[in-house]
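1. Following is a predicted model, sequence given first.
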Amino acid sequence: MSSNKKYWKSVEELNENSSIVEALQQNEFVEEIPTDEFLGDKDSLESSSTSRRDFLKYVGFSTAAASLAACEGPVIKSIPYIVQPTEIIPGVANYYATTIADGFDFASVLVKTREGRPIKIENNTDASSNGIANARVNASVLGLYDNLRVKSPMKGESAISWDTFMSETTSKLNGLNGKQIVLLTQSMPSPSTNKLIATFKSKYGNVNHVAYDAVSESATLDAYQAKYGTRGMANYDFSKAMTIVAIGADFLGDWQGGGFESAYAKKRIPANGKMSRHIQFESNMSLSGANADKRVPLTPSQQKLALAKLYSYVTGVALPGSLPEALDKAVKDAAKELSQAGSNGVVVSGIQDVNAQTTVLEINEHLRSQAFDPKTTIKTRLGSNKAVTQLVADMKAGKVGAIIMNGVNPMYTLPNASDFKEGLAKTDLSVAFSMKQGETSSNCQYIAATPHNLESWGDFEFKSGHYSMMQPTIRPLFDTKQFQEVLMSWTETSGSYRDYLKSVWTESVLNGSSFNKAVQDGVFVTGTSVSGSNGSTTTTSTTTELEDKKDRTFLGGVIHDVAVGVGIKEEDKDGYKTTTSTTTVNNGNNVDTASVLTGGTAARALAASAKDGNLELSLYTKVGMGDGQQANNPWLQEFPDPITRTSWDNYITVSQADAKAYGLINENVANGGLNGSYVDVTVNGVTVPKVPVLIQPGQAKGSVGMAFGFGRTSKALKDEMKTGVNAYPLYQGFNSVQEVTISKVAGEHEFACVQLHNTLMGRGDIIKETTLEIFNTKDKKHWNSVPQVSLNHIETPVTSPDVDLWDEFDRSIGHHFNLSIDLNACTGCGACVIACHAENNVPVVGKSEMRRSRDMHWLRIDRYYSSEDSFKDDLDKKNNISGLGSSLSEFAELENPAESPQVVFQPVMCQHCNHAPCETVCPVAATAHGRQGQNHMAYNRCVGTRYCANNCPYKVRRFNWFLYNKNDEFDYYMNDDLGRMVLNPDVVVRSRGVMEKCSMCIQKTQKTILDAKRDGRLVKDGEFQTACSAACGNGAMVFGDINDKESEITALKDGDRMYHLLEYVGTKPNVIYQTKVRNTSKA
Amino acid sequence: MKKPYQSLEDNPTYNMKQVIYCSLTSKIFSLCLVLLLSFSTSLIAQEGDPVNGKSLFNSNCAACHKLDKPMTGPALRNVEARLADEQGLDRAWLNAWIRNSSSLIKSGDAYAVKIYNEYNQTAMTAFPQLSDQDISDMLAYTAAPAPEPVVVSATEGGPVQEGGVSNDLILGALALLFALLAMALVLVNRTLNRFAEAKDIKVVTEQEKRTPLWKAFVQNQFLVLVTAIIFLLASGYFVYGYFMQVGVDQGYEPVQPIHYSHRIHAGDNGIDCKYCHSSARVSKTSGIPSLNVCMNCHKSISEVAPETLAEGMDEYSVDYNGEIQKLYDAVGWDGTGYTGESKPVKWIRIHNLPDFAYFNHSQHVEVGGIECQTCHGPVEEMEIMYQHSPLTMGWCINCHRETNVKVKDNDYYTKIHEELSKKYGVDQLTVAQMGGLECGKCHY
């Protein structure tokens, strides 16, 4: 049967006379393939030196050579010391107490060194203050091995010797003819450096020392100075506070230099039915807000008014100005709680306004707050906005002869960096003491290469009377000199800086105590030996007092929660949106300290200064990046922000309502990555273009937030680290709150966000939580019941052996390790994540891999938002779903976080299940269980099927998709010899194609056991530690042996709050969680 | 089986020539030496007893003095005669110096001060306990004439050559014998043939034609099949064996930059392994001793005894004194002090565990009480260190299965051992029963 159908091959056939159709009938291609051109041209063929035969020869030879070479084992050389230092034994770690002080972070730490290499930073538990290393301090050890460090002093672009440097700079300093010499330094509360600077001043005459903080606390300092006479900040001890009201203060972050979280966490764990109550008023979602019992979102200008009102309600002084009704009620409630708490209450604020800070001091004094300690001055921020502004003006006017900078990067951190650059060109001499060829140092005439903190001597007075000692833990890697050493040469002071430091300490600090002991301890507190007994008696008396008064803070029915933030009523919105013509907010930057108002007048001035803006920008610092000086640190770049869970980026955080108004979106695209819109951000005519937008639940409507520390461009960074946008140009007048306009621009930004699902959708088995009231009054089964499963249609607890698929092993002999994670004490700070990175040689994979959710972190901190006002409401909503229609719509709703959600953090690592699903599916038995409870992973046995990862209900297994070490594609730190020096020699570096995961730091537990065996003794409680539990200063992570019945972990394991993650699965994990208890009255 | 992997250009090729006659000859020479010594001492009229003097000298003086070479203190050969000749100092001065040199220096004695300054102002230990007789015994020992160095050099070539010739002689004689035998056979054969020819006997050489064996074999398919299977199995066995030894370096004996003899140090001198490898007690690595540990002894031992030197030359073609000199070059020791010019020694590592296997020496040596020789073999007999054990996982596991945990007097084990042994119903737990076979104990 024939057919008349005509099959069309192309549209050309419609055209009857098409030459193309004609050509295609003859040839395969329309145009001739130019084979002759290449093959026919004999010259070009012959001129090529490699013939096909040669090529095959080369291939054959190299294959044969490669296979022959593979047969021969490599010859490994071992080179012993000529004279071995007595303290170094290869294979045994040494610990040194020292200090990390980079001008932004100040911490007393212990440094673990192996064969002379510092490889890890740990907390110095002897320290009375600042003994807890945060994520950045933990990561700073990698900065030591940064191969972009300046390796010798430089003049312009060329390396010079120190002799040349010294002779040239000294002659220039002497030839200034009385022009001003400026020392622009980071905040250095260092007794010996200050003395050296004084000597320098007396030698060179016209010397001006300006301390400069990239992120200024100047208003706080001014207010404190006006009230108490010394420049510094009041100390707060949150372990003495039962009611904490914070207004715009991220005191769990970098507020006042940070370091408050461990004291705070102490009172967050319910003990004897009591825990502290924390109310947070803020615009950006911060760590503090996420941990608060009650969080009230409000714009920065409303914060000022709220603080003034708080003052008014606490003291009874009437003040003008009015807040929206809901906010006013929230402030009133907070004031009521504060008044009831009395001396157990405390108020803190981060508003950079002298009046605001004065008001805070006054409220705390009024409360006689025990947590408030104005006598102990925090000295880690000393910068003055006024002095820095004056300096830039002087430089522009050509009044500055020489500028010597140490540890600062004004070209990057100053909002008016171009003015500074202009001024810099007018100086006769500009020297930058720097580890890097950064934005500033490459614009200076000389770069004085400085050593890393871990290679330096130094001393610091963190708080009055609390000293910390910095000692070198390694010989300087490069030809570097400390600022202090050069100062000594300039002032012709003889001896080494160490000897100088020692003499200063012996004279003015130690008061007869041993210098060597101070170096060994790393910390020194004045007067401890004298007033030790006195001090301890006062402590006991305060404790009893505190316990008496705690009753008053017990909540009962006192607090009436209000729906705030989202609950701003419709009628208030007009007033909220009004645009005011006054654009400048009186930030008090230039307030002369003498003119600071007192006695309620500050609060009145504060109330008057609060003007509603159109859209207000709050600039903040991230837990990961801080002020940006460690921007070349891949650990910190890859560290996901605890709140947004986004790494390798900064962005502008926008509330859901504002995003809708401006048409800004966040969406998950096909490969699972998060994309976001771009906006141009303009402040007073200065525009930062193409800032990615991240819609932030809990962001106060009418406010936006943006983090410092990103968008660096200089030679100090590898290209991969040049991420994000620079927010410093918006930091005008050193005011972290700015009136801002944003406008959407085309394009979508690709984020590297590792958590795409933000809500729990009412799944109470992942995070169990309850309120303090229920916790105190009801039985455990009401708020922490064991899940039931059906066995022959009878509900049976999942812990019963009858419902188990597997037989139980007897683990009662020997050690059995458990790790407890207290969701109440965990603030989400992420120090554990970085500590785990350092301890376990976890690779860095880079932004694009992170975006593909191929992050390698063994320990992640999940962050969940509630979809309703609270997680309890989520649960109720889920339980009340009935019918298909309702379930479809309401489950979809539950996927979206609320405008002002509750937040919870949950660190998740391998749960080390006793009945592990991963072990049963491994075809090669590469993962197996140990008697001590650990789920072992033999990397060399793994063939990479990834069955285990698929069968893991906790998604904690990580696959090495690529070779992350010695691979140019992943040029982070494992790709160069210097960077690899940070690797822990006790943990193998994994190769491509194998699965890896948390080992519960088996190298550490094995070492502890071996030490005990060698000494012939039992292991004491507290000796067993994992990297994360050791790094956790909050006490949220406790590790130990549950077969030791006296141990802390056993008590936690048997405690009422204990639960297992996804307990109904029946995996019987060895990681346990402690139910989160919120101090809210609402059930 | 020993496979040298690596040779260093500055080292002669290591040659294991066994020589059996050397010990006899060296004994003869040492006997001559003793005879010579005893003869010469008897010549010199002295009241001291040089034999007692030698033992006293070795126990009291040898740490800082040598007879022919200055060390921490001056060389002492013929010291009494020398002092008397050059300085005019008598036995009384020597007695005073030996018993308490510092008081002599304090008294301002010119020569005492000179000597004190010459030797870096290091005060000599006072020996007030030495009697006059002791001192004269020692001086008698020092007065003995130096042994002729020629004696030593004579031993170098002689016996080696002699041994070589005798070997060749025997071989030559044997070869001659075989040649004669072969010739005799040929001659006999020829004679017999001639007889046969003469007697007209036909020597049958031809055989009837048959299928060649190989053809028969090829035609028998069953045989071919069986042979092929056997061949395949056999080759499979050998291929498996080959692959299993890839990366196993048992017997690895590289040539080291310094010919260090464990046989002399650990064997002859009986130095405890952990004297040099001290970190084996506390660390995961046993540690290659730093050179300052070598210098603890080699500051005063700059050359080996002549017999040892001869032995080294004979058996290992190594000049031990030259090897000690390499050590001195590395640490920068010029015989009296450190020059400060040092160059590290690049030893070739013999025992290489892969990175993914964690091994801790202190666990085995200190806690387990395992002898070093259990894994490292008879180190005290090794002239050059080699890898004794295969260091494979199977080898580790076997030992863990067989070895009992050393629990005695260790409080850590008391409770766990009691409970576990009850559980397993044994008196002594093996390492495996203690959990020593778990993956994560060695792989992390």
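-> Arrived safely, thanks for sending. Every value quoted in this text rests on a predicted model; they were computed, and no experiment measured them.
2. and stretch A:146-162, which residues are buried?
-> By neighbour count with 16 or more other Cβ atoms under 10 Å in any protein chain shown, stretch A:146-162 contains the buried residues A:D146, A:L148, A:R149, A:V150, A:S152, A:P153, A:M154, A:W162. Using the backbone N, CA and C atoms, a C-beta is placed for each residue, glycine as well.
3. Pick out whichever of those residues sits closest to chain B.
-> Lowest distance from chain B to the buried residues of stretch A:146-162 (Cβ to the nearest Cβ) belongs to A:W162, with 23.0 Å.
4. closest point of chain B to chain A, which residue?
-> For chain B, Cβ to the nearest Cβ, closest residue to chain A: B:G440, 3.0 Å.
5. mind listing the strands for the stretch 351-500 of chain A?
-> For the stretch 351-500 of chain A, the strands defined by DSSP state E, counting those that start in this stretch cover A:372-378, A:400-406, A:429-434, A:446-449, A:458-463, A:466-470.
6. Put the alpha carbons of the one helix or strand B:I229 maps to into CSV.
-> Using DSSP states H and E, B:I229 maps to helix B:221-244. C-alpha atoms of helix B:221-244 as CSV (Å, rounded to 0.1, in the frame of the first residue of the first chain):
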residue,chain,number,x,y,z
GLN,B,221,41.2,-33.0,24.4
PHE,B,222,40.6,-34.1,27.9
LEU,B,223,44.3,-33.7,28.7
VAL,B,224,44.3,-30.3,27.1
LEU,B,225,41.4,-29.2,29.2
VAL,B,226,42.8,-30.5,32.4
THR,B,227,46.2,-28.9,31.7
ALA,B,228,44.5,-25.6,30.8
ILE,B,229,42.6,-25.6,34.0
ILE,B,230,45.7,-26.4,36.0
PHE,B,231,47.6,-23.7,34.2
LEU,B,232,44.8,-21.2,34.8
LEU,B,233,44.6,-22.1,38.5
ALA,B,234,48.3,-21.9,38.9
SER,B,235,48.6,-18.6,37.2
GLY,B,236,45.7,-17.3,39.2
TYR,B,237,47.5,-18.3,42.3
PHE,B,238,50.6,-16.5,41.3
VAL,B,239,48.8,-13.4,40.1
TYR,B,240,47.0,-13.2,43.4
GLY,B,241,50.2,-13.7,45.3
TYR,B,242,51.8,-10.9,43.2
PHE,B,243,48.9,-8.5,43.9
MET,B,244,48.8,-9.3,47.6
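7. Against which helices or strands is that helix packed?
-> If you count contacts as 3 or more Cβ pairs under 8 Å, 6 or more residues apart in numbering or on different chains; DSSP states H and E, helix B:221-244 packs onto helix B:213-219.
8. how about a cut-off of 6 Å?
-> Using 3 or more Cβ pairs under 6 Å, 6 or more residues apart in numbering or on different chains; DSSP states H and E as the contact criterion, no helix or strand is in contact with helix B:221-244.
9. Buried residues in it, which are they?
-> Using 16+ other Cβ under 10 Å as the test for burial, helix B:221-244 gives no buried residues.
10. what does stretch A:1071-1080 give?
-> Of the residues in stretch A:1071-1080, A:V1071, A:I1072, A:Y1073, A:Q1074, A:T1075, A:K1076, A:V1077, A:R1078, A:N1079, A:T1080 count as buried by neighbour count, 16+ other Cβ under 10 Å.
11. One more: stretch A:507-525?
-> A:V509, A:L510, A:S513, A:F515, A:A518, A:V519, A:D521, A:G522, A:V523, A:F524, A:V525.
12. Run a quick neighbour tally on the residue of chain B closest to chain A.
-> 24 (other Cβ atoms under 10 Å in any protein chain shown).
13. Give me the contacts around the strand or helix carrying it.
-> Using DSSP H and E, B:G440 falls within helix B:439-442. By Cβ atoms under 6 Å, 6 or more residues apart in numbering or on different chains, the surrounding residues in contact with helix B:439-442 are A:A928, A:G930, A:Q934, A:H936, A:A938, A:I1002, B:A357, B:Y358.
14. Partner strands of whichever strand or helix holds A:K120 and their direction?
-> Per DSSP H and E: A:K120 is located in strand A:117-123. With DSSP bridges as the test, strand A:117-123 is paired with strand A:106-114 (antiparallel).
15. Off-centre distance for the partner strand?
-> Computed by Cα atoms, centre = their mean, to the nearest Å, the separation of strand A:106-114 from the middle of its chain amounts to 18 Å.
16. okay, that strand in PDB with CA atoms only?
-> What follows is strand A:106-114, C-alpha atoms only, in PDB (Å, rounded to 0.1, in the frame of the first residue of the first chain):
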ATOM      1  CA  PHE A 106      39.700  39.600  72.100                       C
ATOM      2  CA  ALA A 107      40.000  36.200  73.700                       C
ATOM      3  CA  SER A 108      42.300  34.300  76.000                       C
ATOM      4  CA  VAL A 109      42.800  31.000  74.400                       C
ATOM      5  CA  LEU A 110      44.800  27.800  74.500                       C
ATOM      6  CA  VAL A 111      46.700  26.900  71.400                       C
ATOM      7  CA  LYS A 112      47.300  23.300  70.500                       C
ATOM      8  CA  THR A 113      50.600  22.800  68.700                       C
ATOM      9  CA  ARG A 114      51.900  19.600  67.100                       C
END
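17. what's next to it, contact-wise?
-> With contact meaning Cβ under 6 Å, 6+ apart, strand A:106-114 is reached by A:93-100, A:118-122, A:124, A:127, A:130-131, A:133, A:137, A:380, A:462, A:468, A:473, A:522-523, A:985.
18. From the residues you listed, keep the buried residues only.
-> Buried among these (16+ other Cβ under 10 Å): A:93-94, A:96-100, A:118-122, A:124, A:127, A:130-131, A:133, A:137, A:380, A:462, A:468, A:473, A:522-523, A:985.
19. Name the spans of the stretch 801-950 of chain A whose pLDDT lies under the cut-off.
-> Judged against pLDDT under 70, the stretch 801-950 of chain A has no low-scoring part.
20. ranges for the helices of it?
-> Under the criterion DSSP state H, counting those that start in this stretch, the stretch 801-950 of chain A contains helices at A:831-840, A:847-851, A:871-879, A:884-894, A:917-921, A:947-951.
21. Can you lay out the buried residues of stretch A:507-525 as CSV showing secondary structure and distance to chain B?
-> Converted to CSV, those look like this (DSSP: H, G, I helix; E, B strand; the rest coil; distance: Cβ to the nearest Cβ, whole Å):
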residue, secondary structure, distance to chain B
A:V509, helix, 36
A:L510, coil, 34
A:S513, coil, 32
A:F515, helix, 29
A:A518, helix, 28
A:V519, helix, 24
A:D521, helix, 24
A:G522, coil, 24
A:V523, strand, 28
A:F524, strand, 31
A:V525, strand, 34
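22. ok so, going back, just how off-centre is the helix holding B:G440 within its chain?
-> 36 Å.
23. what pLDDT, on average, does it get?
-> Helix B:439-442 shows a mean pLDDT of 92.
24. CA atoms only for it - export them in PDB, please.
-> The C-alpha trace of helix B:439-442 is given here as PDB (Å, rounded to 0.1, in the frame of the first residue of the first chain):
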ATOM      1  CA  CYS B 439      37.400  -0.500  62.600                       C
ATOM      2  CA  GLY B 440      37.400   2.800  64.400                       C
ATOM      3  CA  LYS B 441      40.100   1.900  66.800                       C
ATOM      4  CA  CYS B 442      42.700   2.300  64.000                       C
END
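25. List the buried residues for that helix?
-> For helix B:439-442, by 16+ other Cβ under 10 Å, it's B:C439, B:G440, B:K441, B:C442.
26. Past the strand or helix carrying A:A602, which element shows up next along the chain?
-> Taking DSSP H and E as the definition, A:A602 sits inside helix A:601-609. As assigned by DSSP H and E, the chain's next helix or strand after helix A:601-609 is strand A:616-620.
27. Quick one: residues in contact with that next one.
-> With Cβ under 6 Å, 6+ apart as the test, strand A:616-620 has contacts from A:283-284, A:299-300, A:703-707, A:727, A:731, A:736-738, A:740.
28. Residue ranges of each domain in chain A, please.
-> A:1-76, A:218-379+A:558-608, A:614-753, A:769-841+A:855-918+A:927-937+A:998-1078 (automatic domain parsing).
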